[in-house]
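**Student:** how does the following fold in three dimensions:
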Amino acid sequence: MAKGVPAFQSAPPAGDKPAGRGGAKNAAQKGQGGFWHSAEWMNLVSDILLLVASVAIGYAVVKAVLHLPLFELRQVVVTTPLGQVTGAQLEYAAVSSMRGNFFTVDLDKARESFEKLPWVRRAQLRRRWPATVEVSLEEHAAVAYWKMVETGDMRLVNTHGEVFDAASNAVMPVFSGPSDRAGEMLVAQHRWDEFLQPIGRHIVALNLSPRSAWQLHLDDGLVLEMGRDQAKAPVDDRLRKFVAAYPAAHEKLPQRWVVADLRYPAGFAVKMTNEKTGILSDHKGKQ
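**Tutor:** As a prediction, the model looks like this:
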């Protein structure tokens, strides 16, 4: 810069003046507008608090009213006819599970208690004003015994092919096999009983091995070894052929048949007994 020439400075625009105390005060006032200084926010918070308090008070009042003795549960009515379930069992289930009054009794818990009874398959409960709970029961209809392979204990099989724990003295076939195949065994038993009708026989016991080999016990003591189902020689076909050949074969071999082995694709083997001597003999015949 040349000597004697003053340094250059930009001058402020005309009309601009530095802010004084008044400007600073206005800025401070603008910055003070927060939550607690807003009437709208305060009113909103007040309304919310009033609403919460009203709900809480209302809930407490309703709860207190519902627990009044005025709504006492007076009776439990079973609306379905009973076959196997006894009155004592129903009373036990009701007394042990129904707590509270008409409004507060836990129907789900009570339903579970009824469904634990030996012969109850399903239970439904509903309230009936002013002081009653109605109970609708579906009982198991037993059609077979189920022999536990591991323990030898007896259970029952219902019409749905379900295994359940109860006691019965009815005359029914005995099943033994994997419990998850009880339904399949029930269907097979019904089907094969129809196959056996022409020779006047029916199944009294049905066994299914873990390897899916079938064994039938008939009412005259004859055991049919059916073996496993085969693509070329299905179990149904082998049983039909046996039934068709049975009258002529039994006429030729009038001794008491003990075992008939149907595992051969083109025939069957018969094991007979001489009742006087107890001697067993084998005979193979074509189907």
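**Student:** going forward, measure contacts between C-alpha atoms and count neighbours the same way
**Tutor:** Will do.
**Student:** neighbours of Arg201, how many?
**Tutor:** 16 (other Cα atoms under 10 Å).
**Student:** might one say that it is in contact with Gly221?
**Tutor:** No: in terms of Cα atoms under 8 Å, Arg201 does not count as a neighbour of Gly221; the distance is 10.1 Å.
**Student:** tell me where the model's unsure across the stretch 1-150 of the chain.
**Tutor:** In the predicted model, the stretch 1-150 of the chain carries pLDDT under 70 at residues 1-37, 41-42, 44-47, 49-70.
**Student:** residue boundaries of the strands in it?
**Tutor:** Secondary structure of the stretch 1-150 of the chain, counting by DSSP state E, counting those that start in this stretch: strands at 75-78, 120-128, 132-139, 142-147.
**Student:** show me what counts as buried in the last one.
**Tutor:** Pointing back at strand 142-147 there. Within strand 142-147, the residues that qualify as buried by neighbour count (16 or more other Cα atoms under 10 Å) are Ala142, Val143, Ala144, Tyr145, Trp146, Lys147.
**Student:** check the first one too.
**Tutor:** Applying a neighbour-count criterion of 16+ other Cα under 10 Å, one finds Val76 buried in strand 75-78.
**Student:** what residues does that strand touch?
**Tutor:** Residues from elsewhere that reach strand 75-78, judged by Cα atoms under 8 Å, 6 or more residues apart in numbering: Ala94, Ala131, Thr132, Val133, Glu134, Val135, Ser136, Leu137.
**Student:** what does the second one give?
**Tutor:** Under the criterion Cα under 8 Å, 6+ apart, residues 85, 102, 107, 111-112, 114-115, 133-140 lie in contact with strand 120-128.
**Student:** before we move on, what about the third one?
**Tutor:** If you take Cα under 8 Å, 6+ apart as the criterion, strand 132-139 is touched by 73-80, 82-85, 102, 119-128.
**Student:** mind redoing it with 7 Å?
**Tutor:** The set of residues that contact strand 132-139 without belonging to it, under Cα atoms under 7 Å, 6 or more residues apart in numbering, is 73-80, 119-128.
**Student:** just the buried ones from those residues?
**Tutor:** By neighbour count, with 16+ other Cα under 10 Å, the contacts of strand 132-139 hold Leu73, Val76, Trp119, Val120, Arg121, Arg122, Ala123, Gln124, Leu125, Arg127 as buried.
**Student:** for those, which one is nearest Pro265?
**Tutor:** Arg121 (42.4 Å; Cα to Cα).
**Student:** gap between stretch 205-219 and the chain center?
**Tutor:** Put simply, stretch 205-219 sits 27 Å off its chain's centre (Cα atoms, centre = their mean, to the nearest Å).
**Student:** quick one: mean pLDDT for it?
**Tutor:** For stretch 205-219, mean pLDDT rounds to 97.
**Student:** and for stretch 177-195?
**Tutor:** If you average the pLDDT over stretch 177-195, you get 97.
**Student:** now do the buried residues in that stretch.
**Tutor:** Taking 16+ other Cα under 10 Å as the neighbour-count basis, stretch 177-195 is seen to contain the buried residues Gly177, Pro178, Ser179, Ala182, Gly183, Met185, Leu186, Gln189, Trp192, Asp193, Phe195.
**Student:** hmm, back to that, turn the contacts of strand 75-78 into TSV, columns for distance to Glu225.
**Tutor:** Output for the contacts of strand 75-78, formatted as TSV (distance: Cα to Cα, whole Å):
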residue	distance to Glu225
Ala94	49
Ala131	60
Thr132	57
Val133	53
Glu134	51
Val135	47
Ser136	44
Leu137	41
